[in-house]
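1. below are the sequence and a predicted model for it; my questions follow.
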Amino acid sequence: MHDIWMIIVIALTTAATRFIPFLLFSGKKEPPAAVLRLGRALPCAIIGMLVVYCMKDIRPSVYPHGLPELIGCTVVALLHIWKRSTLLSIGGGTAVYMLLVNFVF
């Protein structure tokens, strides 16, 4: 029973964090300048942090010398420049990286 309550609380908390901004900033009210500034800055900051986190364990002196990661990042960048679709870029880069790691290197 404890597990069910824990899942319910987690689901409600997750849903609340998704719905509260729409309730606060719905209608004709303009969001505060700080919220708009965060909306512009955070996506780039989060992607940068993810790149650093994903690349932190690469050792250029050990095979495969970071090639799958470098190729995956290149695919992400090229797809994003080409189509401007975050989902396509991240999905395509992840697929290429996983194929390289599992079948090539």
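-> Received the coordinates, thanks.

2. so where's the chain uncertain?
-> Nowhere does the chain drop to pLDDT under 70.

3. which residue is nearest the middle of this structure?
-> The chain has residue 47 as the residue nearest its centroid, 6.1 Å off, counting by C-alpha atoms, centre = their mean.

4. quick check: next helix or strand after whatever helix or strand it lives in?
-> In the assignment (DSSP states H and E), residue 47 maps to helix 33-55. Next along the chain after helix 33-55, taking DSSP H and E as the criterion, comes helix 67-83.

5. next secondary structure after that following helix?
-> Downstream of helix 67-83 (by DSSP H and E), the next one is helix 86-99.

6. between that next one and helix 33-55, how many degrees?
-> 10 degrees (axes from the mean of the first three to the mean of the last three C-alpha atoms, to 10 degrees).

7. list the residues that contact the residue nearest to the centre of the chain.
-> With contact set as C-beta atoms under 8 Å, 6 or more residues apart in numbering, residue 47 has no partners. C-beta: built from backbone N, CA, C; applies to glycine.

8. do that again at 10 Å, thanks
-> Applying C-beta atoms under 10 Å, 6 or more residues apart in numbering, we find residue 47 in contact with 76, 80, 86, 89-90.

9. most neighbours out of those residues, which is it?
-> Each of the contacts of residue 47 was scored for neighbours by other C-beta atoms under 10 Å, and residue 76 scores highest at 22 neighbours.

10. that residue contacts residue 94, doesn't it?
-> Yes. Counting by C-beta atoms under 10 Å, residue 76 touches residue 94, with 8.3 Å between them.
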